[in-house]
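Student: Here is a sequence together with a model predicted from it:
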Amino acid sequence: MSSDQIPLEVDIEGAVLLTNPLLNKGTAFTDEERTAFSLHGLLPPRVGTLDAQVARRLQAVRAFTRDLDRYVFLRGLQDANETLFYALLTRHLTEMLPLIYTPTVGQACEQFSHYWHFPRGLFLSWPHRDIINQILAHPRYDRIETIVVSDGERILGLGDQGAGGMGIPIGKLSIYTACAGLDPATTLPILLDTGTDNAERIADPLYMGWKHERVRGADYDAFIETFISAVTKRWPRVLLQWEDFARVNAGPLLERYRDRLCSFNDDIQGTAAVAAATLLAGTKVSGISLCDQRFVLFGAGTAGSGIGRMLLDLMVHEGLTRREAQDRFFAVDRHGLLVEGMADLQSFQAPFVKSRAAVAGWQLARPDRIDLLDTVRNVRPTVLIGVSGQPGAFTEDIIRSMADSVERPLIFPLSNPLSRCEATPADLARWTGGRALIGTGSPFPPVVIDGQPVTVNQTNNAYIFPGVGLAVHAVGARRISDAMFVAAARALAALAPKATQAHPKLLPPVEGLRDVAVAVARAVALQARADGLCAGFEDEELDRLIAAKRWEPVYRPYRRSR
Ligand SMILES: NC(=O)C1=CN([C@@H]2O[C@H](COP(=O)(O)OP(=O)(O)OC[C@H]3O[C@@H](n4cnc5c(N)ncnc54)[C@H](OP(=O)(O)O)[C@@H]3O)[C@@H](O)[C@H]2O)C=CC1
Ligand SMILES: CC(=O)C(=O)O
Ligand SMILES: [Mg+2]
């Protein structure tokens with residue numbers, strides 16, 4: 001008998017059972033179960049199947065005209081019946097992912113206080129900072145193994161959404177379950193509500209968060225310390241993913257806590273790994289090796305610095321000195337190319353700052369500032385990566401200039417959601433005569449050039465974090481090293497479909513994300529073992545360990561607990 005057929009002991013009945021999303025089966029409760037759990041009369045008489053339920057909900061999702069309505073419907077389904085929600089998601093991943101994740105989740109975070117109808121996850125707010133231990137102590141959280149936490153300050157490229165940022169931890173954890181197969185009963189989305197500086201949210205009478213300007217500095221740090229102390233006390237082996245924190249906090253929080261609990265920052269490390277993987281696959285198509293590329297990074301913040309650091313490490317690993325690797329790297333931020341002596345340089349940007357001598361002979365439009373176009377004209381990059389949240393920043397001039405000096409330019413406008421992307425794939429394809437190898441953070445509508453479909457790779461960290469989490473739980477990793485993310489990147493790059501046509505795919509398709517999670521998990525687990533971060537295991541045990549952590553969205557039979 002497979003584990004899915006072993007009856008589950010259930011101790012609730014009637015309407016209470018039907019309103020428990022982890023146990024509810026809706027119309028799929030069998031006649032025997034309806035008798036055993038006092039469900040007769042509460043459901044229409046005909047017993048249904050999961051397949052029929054999926055078909056019904058798919059029809060309903062498709063009947064809406066607006067994606068935000070589809071999102072609200074799907075969130076309602078998740079709150080009513082998680083098995084059905086995940087069955088729908090996993091069977092129609094390509095169609096559902098943009099609805100529960102980027103781009104739609106961006107709009108959902110902005111509108112959070114307007115469509116909200118049912119609690120999910122935990123809101124830990126500054127006014128309740130003294131009772132965090134008490135809140136976490138509830139037995140309903142006994143099984144928690146994975147947390148995604150945000151403070152809502154940098155939601156995608158949409159800035160501060162305050163409490164509405166909760167949409168992101170919910171969405172990320174849905175991907176953990178759909179792709180990595182983590183049991184939803186073991187996941188917990190958390191929003192740390194330390195106020196918002198978004199004037200629109202504060203002015204909104206329906207805003208549900210703490211209406212107060214953001215707590216900052218030492219008070220903020222003390223709040224996070226209280227939170228982490230409570231988390232590590234309650235769940236010493238938990239995996240915690242930091243998500244969508246502002247630039248000022250993202251890096252420092254990762255560094256402060258990565259040795260205190262098993263945690264990583266998805267925007268820094270997950271994004272770096274997916275960008276590196278797409279790029280490694282791209283080097284095979286362009287024929288230019290990693291160490292021969294010239295990189296321009298637009299947006300030297302959280303994601304940008306993570307991508308930059310991983311690429312530097314990879315180039316050093318391939319044989320360049322750190323200096324040589326840095327010489328191939330140019331980072332443009334809000335005030336232009338990062339050059340020594342500039343105001344507002346951040347310590348995490350240090351590896352990417354150019355000396356004045358390095359840019360001395362450059363032709364510039366203005367003497368006081370080196371913008372992206374100047375940089376592209378002078379560097380003649382082979383790779384252009386955007387993580388700035390600035391729509392339209394990759395202009396026609398910039399892209400045409402880049403395409404003049406490289407046959408297959410690698411262009412990755414990674415900012416989310418669609419409205420924040422640095423350029424549309426259609427424009428990139430047009431301005432480069434279809435030669436660009438394109439990666440975007442969110443899924444775009446298909447592009448056709450000269451009658452040929454142009455591949456747009458969805459270079460999103462959803463290709464990485466599910467596999468990392470699966471590995472952590474499968475082998476009981478205590479901590480997460482940068483090398484584990486490099487292993488994830490290499491494993492993903494190795495899955496790139498063989499490049500046979502003019503518009504090759506650099507990443508496996510989204511419908512393959514479940515297999516990707518397993519392949520990434522294998523590589524990450526092996527690296528965790530090599531780094532001494534988990535107990536030993538035999539190679540041949542690994543597939544079994546991974547499979548044992550995978551929950552499937554199927555209905556198990558129930559019997560009453562005695
Ligand atoms: N595809 C993917 O998987 C991922 C995509 N992203 C996307 O990347 C974007 C950035 O995220 P993240 O790095 O965390 O955000 P950050 O705010 O940390 O970084 C953005 C950087 O861009 C800079 N910037 C702002 N305006 C300009 C401008 N006009 N020109 C050049 N630089 C500018 C910012 O400077 P300043 O702080 O001064 O404003 C900041 O340094 C978001 O849209 C996010 O959705 C992020 C993670 C994963
Ligand atoms: C994808 C993601 O993590 C972001 O845009 O922040
Ligand atoms: Mg993010």
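Tutor: Received the coordinates, thanks. Predicted model, so just to flag it, every value in this text is computed and none were measured. Ligands and ions are numbered 1, 2, ... in the order given.

Student: Get me the contact residues on the protein for ligand 2.
Tutor: Contacts of the chain with ligand 2, taken as C-beta under 6 Å from any ligand atom, map to 102, 156, 244, 266-267, 416, 441, 460-461. C-beta here means a position set from N, CA and C on the backbone, and glycine is covered the same way.

Student: right, and out of these, which lies closest to Pro169?
Tutor: For the residues of the chain next to ligand 2, the closest approach to Pro169 (C-beta to C-beta) belongs to Asp244, at 8.6 Å.

Student: Tell me who's in contact with the closest residue to ligand 2 within the chain.
Tutor: Closest contact between the chain and ligand 2, by C-beta to the nearest ligand atom, is at Asn416 (3.8 Å). By C-beta atoms under 8 Å, 6 or more residues apart in numbering, the contact set of Asn416 is 102-103, 106, 156-157, 441-442, 460.

Student: Show me the residues you listed that map onto helices.
Tutor: Gly106 (DSSP state H).

Student: Domain map for the protein?
Tutor: 49-260, 269-462 (automatic domain parsing).

Student: Make JSON lines out of those and add mean pLDDT.
Tutor: Below are those laid out as JSON lines (pLDDT from 0 to 100):
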{"stretch": "domain 49-260", "mean pLDDT": "98"}
{"stretch": "domain 269-462", "mean pLDDT": "96"}
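
Student: Reformat those domains as JSON lines; add distance to Ala494.
Tutor: Formatted as JSON lines, the domains of the chain follow (distance: least, C-beta to C-beta, whole Å):
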{"stretch": "domain 49-260", "distance to Ala494": "18"}
{"stretch": "domain 269-462", "distance to Ala494": "9"}
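
Student: wait, which of these is closest to ligand 1?
Tutor: Comparing those by C-beta to the nearest ligand atom, domain 269-462 comes nearest, at 1.9 Å.

Student: Next, the distance between the ends of the closest one.
Tutor: Length of domain 269-462, first residue to last, C-alpha to C-alpha, to the nearest Å: 12 Å.

Student: hmm, it touching ligand 1?
Tutor: Yes. Interface with ligand 1: domain 269-462 contributes 271, 274, 298-304, 332-334, 387-390, 414-416, 420, 441, 459-461 (C-beta under 6 Å from any ligand atom).

Student: Out of the contacts of Asn416, grab the one that's most surrounded.
Tutor: In terms of neighbour count, Gly441 stands highest of the contacts of Asn416 at 30 neighbours, by other C-beta atoms under 10 Å.

Student: Identify the residues contacting it.
Tutor: Counted by C-beta under 8 Å, 6+ apart, Gly441 has contacts 102, 413-417, 421, 458-460.

Student: now, among these, which is nearest to Gly171?
Tutor: Using C-beta to C-beta, the contacts of Gly441 come closest to Gly171 at Thr102, 7.9 Å.

Student: Over to the closest one: give its phi and psi.
Tutor: phi -70, psi 140 (degrees, to the nearest 10).

Student: quick revisit: looking at the domains of the chain, which is nearest to Ser561?
Tutor: Using C-beta to C-beta, the nearest of the domains of the chain to Ser561 is domain 49-260, at 15.7 Å.

Student: does the closest one come close to ligand 1?
Tutor: Yes. Applying C-beta under 6 Å from any ligand atom, one finds domain 49-260 in contact with ligand 1 at 154, 156-157, 247.

Student: which residues does Val215 contact?
Tutor: Val215 is in contact with 126, 194-195, 223, counting by C-beta under 8 Å, 6+ apart.

Student: nope, Phe223 is what I was after
Tutor: 126, 129, 192, 194, 215.

Student: among these, which are in strands?
Tutor: Mapping these onto strands (DSSP state E) picks out Leu192.

Student: Just put the contacts of Phe223 in a markdown table and tack on distance to Arg369.
Tutor: Compiled in a markdown table, the contacts of Phe223 are given as follows (distance: C-beta to C-beta, whole Å):
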| residue | distance to Arg369 |
| --- | --- |
| Trp126 | 39 |
| Arg129 | 43 |
| Leu192 | 37 |
| Thr194 | 34 |
| Val215 | 34 |
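
Student: Now go through the contacts of Phe223 and say which are in helices.
Tutor: Among these, DSSP H puts none in helices.

Student: could you flag which of the contacts of Phe223 are buried?
Tutor: Neighbour counting with 16 or more other C-beta atoms under 10 Å marks 126, 129, 192, 194, 215 as buried within those.

Student: Quick check: of the residues you listed, which lies closest to ligand 3?
Tutor: Leu192 (14.9 Å; C-beta to the ion).

Student: ok, which of the residues of the chain next to ligand 2 also contact ligand 3?
Tutor: 244, 267 (C-beta under 5 Å from the ion).

Student: circling back: in JSON lines: the contacts of Asn416, plus distance to Ala203.
Tutor: Below are these laid out as JSON lines (distance: C-beta to C-beta, whole Å):
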{"residue": "Thr102", "distance to Ala203": "26"}
{"residue": "Pro103", "distance to Ala203": "25"}
{"residue": "Gly106", "distance to Ala203": "20"}
{"residue": "Leu156", "distance to Ala203": "22"}
{"residue": "Gly157", "distance to Ala203": "22"}
{"residue": "Gly441", "distance to Ala203": "30"}
{"residue": "Ser442", "distance to Ala203": "28"}
{"residue": "Asn460", "distance to Ala203": "32"}
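
Student: quick one: contacts for Ile546?
Tutor: 470-471, 474, 518, 521-522, 525.

Student: possible to save the contacts of Gly441 as a markdown table with distance to Leu206?
Tutor: Below are these laid out as a markdown table (distance: C-beta to C-beta, whole Å):
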| residue | distance to Leu206 |
| --- | --- |
| Thr102 | 24 |
| Pro413 | 34 |
| Leu414 | 32 |
| Ser415 | 28 |
| Asn416 | 25 |
| Pro417 | 22 |
| Cys421 | 29 |
| Gln458 | 33 |
| Thr459 | 35 |
| Asn460 | 31 |
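
Student: Could you point out the member of the buried ones among the contacts of Phe223 that lies closest to Gly76?
Tutor: Of all the buried ones among the contacts of Phe223, Leu192 has the smallest distance to Gly76: 25.1 Å, by C-beta to C-beta.
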